[in-house]
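> Below are the sequence and a predicted model for it; my questions follow.
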Amino acid sequence: MGRILTEKDVEAAVRGGSVYAAGGGGWADHGRMLGGAAVRMGRPELVSVDELDPEAIVATAAAIGAPAGTTAWEMQGIDYVKAARLLAEALGKPIAGFMVGQNGRSSTLNGWLPAVALGAKVVDAVGDVRAHPTGDMGSIGLAALPDETIQTAVGGNRAENRYIELVVRGATAKVSPILRTASDQSGGFIASCRSPVTAAYVKANAALGGISLALTLGEAILKAEPKGGTAIVDTICATTGGTILADGVISAKNVVYTKEAYDIGTITVGTGPKAITLHLMNEYMAVDDADGRRLATFPDVLTTLDPSGEPLSAGQLREGMRILVLHVPKTIIPLGAGVLDPAVYPPVEKALGIEIARYALGTAA
């Protein structure tokens, strides 16, 4: 049986999603707005993919852009609903369920409002348990396929006349960059609905149970909160199975916003032989030690926390701040087909100038 999501679950989803946001993954207040609107408008129901007919259509509700606070974006709850309706119209079939491409500060909740508005379910599946920079990484194995898919995008800064509605058909690898350009044109962050597939395909290719992971983590954080920061950090580690990879002061931050709607750069924690470098492309993609040795790589979960246990996005980080770096290895989280697809890595490696694929795909330690 499914689980009716309530106001209490909104905060849990935001808190747990903020850890899995990996330095990106949207905005906590945006997540609260989306979830709050959904539970006031109806009764969003979280179901496992097994509760749907195998031939039922599941679409991915997502947000695209650079969520580090460097742009004048505007995205309203109605934009997610309009994107879903445009997809259903273009497809000519009803959408039975909505999954999300990733967990995050708001992205864990991206499917709740469209599900209520279209009479569909929230599917307990994600493209990737943690947040990632490219749509292809959450595309559950569709990125390399030549088959036509449909993607929509809706939103934009209304005051600056940047509002856009877009419906694009084509192979995922060809249309995903178009939506990212639309995100930049709209103000840096846009709602989308994409990649309609069968429930059977989701079952075979998504990271199943990903929404429940975020809810469980958020519930544990809220329970630990009265005991203070150390208890929260300990709870995050115990619940995720992660460890604190580093604890130090940010000595350098070199991050720039690009026209492809990415925040790209590095953040250095500590100095001298104990320094570590976080490589950022909207989210943390890798950590190197002072000698350039790789300590962790996507799709491992990499998250920055302040000493009180609050997850910090890359946009919140400043030189001189003390932070903790959480590391959860990929071996203990469900992985979607998108992060196991070699085709998704070259653009990220080119943007960052580092190797990722051979670590991510298990051909390196």
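Arrived safely.

> which stretches of the stretch 201-350 of the chain form helices?
Along the stretch 201-350 of the chain, counting by DSSP state H, counting those that start in this stretch, helices occupy 210-224, 229-240, 346-352.

> so which of these is the most packed in?
helix 210-224 (a mean of 21; mean count of other Cβ atoms under 10 Å). All C-beta atoms are positioned from the backbone trio N, CA, C, and that covers glycine.

> tell me the pLDDT at the residue lying closest to residue 51 once chain neighbours are set aside?
Computed as Cβ to Cβ, 6 or more residues apart in numbering, the closest residue to residue 51 that is not its neighbour in sequence is residue 2, at 6.2 Å. pLDDT, residue 2: 91.

> now swap in residue 20 and tell me
Here, the pLDDT recorded for residue 20 equals 98.

> after the host helix or strand of residue 78 comes which helix or strand?
Assessed by DSSP states H and E, residue 78 sits inside helix 77-91. Tracing the chain past helix 77-91, the next element assigned as helix or strand by DSSP H and E is strand 97-102.

> tell me the mean pLDDT over that following strand?
Computed over strand 97-102, the mean pLDDT rounds to 97.

> Now do whatever helix or strand comes next after it: distance to the chain's middle.
Next helix or strand after strand 97-102 toward the C-terminus (DSSP H and E): helix 112-118. A distance of 19 Å separates the centroid of the chain from that of helix 112-118, by Cα atoms, centre = their mean, to the nearest Å.

> For helix 112-118, name the packing helices and strands.
helix 28-41, helix 77-91, strand 97-102, strand 121-128 (3 or more Cβ pairs under 8 Å, 6 or more residues apart in numbering; DSSP states H and E).

> can you list the ones you listed in a markdown table and add distance to residue 53 and mean neighbour count?
Output for the helices and strands packed on helix 112-118, formatted as a markdown table (distance: least, Cβ to Cβ, whole Å; neighbours: other Cβ atoms under 10 Å):
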| stretch | distance to residue 53 | mean neighbour count |
| --- | --- | --- |
| helix 28-41 | 23 | 20 |
| helix 77-91 | 16 | 21 |
| strand 97-102 | 10 | 30 |
| strand 121-128 | 11 | 29 |
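
> For residue 10, see how far away residue 219 is.
Look at residue 219 and residue 10: by Cβ to Cβ, to the nearest Å, they are 12 Å apart.

> Kindly report the same for residue 64.
Applying Cβ to Cβ, the value for residue 64 to residue 10 is 22 Å.

> can you check residue 119 too?
In terms of Cβ to Cβ, residue 119 sits 20 Å off from residue 10.

> other SSEs contacting the helix or strand of the chain with the lowest mean pLDDT?
Using mean pLDDT, DSSP states H and E, helix 172-186 stands out as the lowest-scoring helix or strand of the chain, at a mean of 89. On a contact count with 3+ Cβ pairs under 8 Å, 6+ apart, helix 172-186 meets strand 57-65, strand 149-155, strand 164-170, strand 189-198.

> buried set for the lengthiest strand in the chain?
What stands out as the longest strand in the chain, according to DSSP state E, is strand 243-258. By 16 or more other Cβ atoms under 10 Å, the buried positions in strand 243-258 come out as 245-246, 248, 250, 253, 255, 257.

> Pop the domain breakdown of the chain in here.
3-211, 228-360 (automatic domain parsing).

> Pick the most buried one from these.
domain 3-211 (a mean of 23).

> excluding its backbone neighbours, what's nearest residue 298?
residue 285 (4.6 Å).

> wait, I meant residue 172
Nearest to residue 172 is residue 142, by Cβ to Cβ, 6+ apart, at 4.5 Å.

> my guess is the one you found meets residue 202, correct?
No - using Cβ atoms under 8 Å as the test, residue 142 is too far from residue 202 to be in contact (11.2 Å).

> Tell me the secondary structure at the residue nearest the centre of the chain.
In the chain, the centroid-proximal residue (Cα atoms, centre = their mean) is residue 131; its distance is 3.0 Å. When classified by DSSP: H, G, I helix; E, B strand; the rest coil, residue 131 comes out as coil.
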